[in-house]
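Visitor: Predicted model and sequence follow; I will ask about them next.
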Amino acid sequence: MCFFHSDTWRVQFLEADLKTPLPRTLAFRDASKVREMFDRFGDRKMLENRQALEHAVNNRNGGLWPDLTNEQYAQLKRGR
């Protein structure tokens, strides 16, 4: 998953090759939703991961490896 801020926060999901986009994209008004996605699907076990997320948000772009179930991944592939 990669994210960046232009007029809104845009979130795009990629295949494991980090090149092929999945059909699902999201847009949010503020970074709190990006943080919420990290809290739900990111690796919160290490403080460094949270710090890396905050650094990326402050730089207005970044990415993370979400920990998804097979069903969640299938939904992203279907675009919903």
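Guide: Great, that's in hand.

Visitor: What are the buried residues along the longest helix seen in the chain?
Guide: If you go by DSSP state H, the chain has its longest helix at helix 47-58. Of the residues in helix 47-58, 50, 52-53, 56-57 count as buried by neighbour count, 16 or more other CB atoms under 10 Å. Every C-beta, even on glycine, is put in place using the N, C-alpha and C of the backbone.

Visitor: For Ala16, what is the enclosing helix or strand?
Guide: Assigned by DSSP states H and E, Ala16 belongs to neither a helix nor a strand.

Visitor: Which member of the buried residues of helix 47-58 is positioned nearest Phe41?
Guide: The closest of the buried residues of helix 47-58 to Phe41 turns out to be Leu53 (CB to CB; 11.6 Å).

Visitor: Now the closest residue in space to that closest one that isn't next to it in sequence: which helix or strand?
Guide: Leaving aside its chain neighbours, Leu53 sits nearest to Phe38 (5.1 Å; criterion: CB to CB, 6 or more residues apart in numbering). Assessed by DSSP H and E, Phe38 sits inside helix 32-41.
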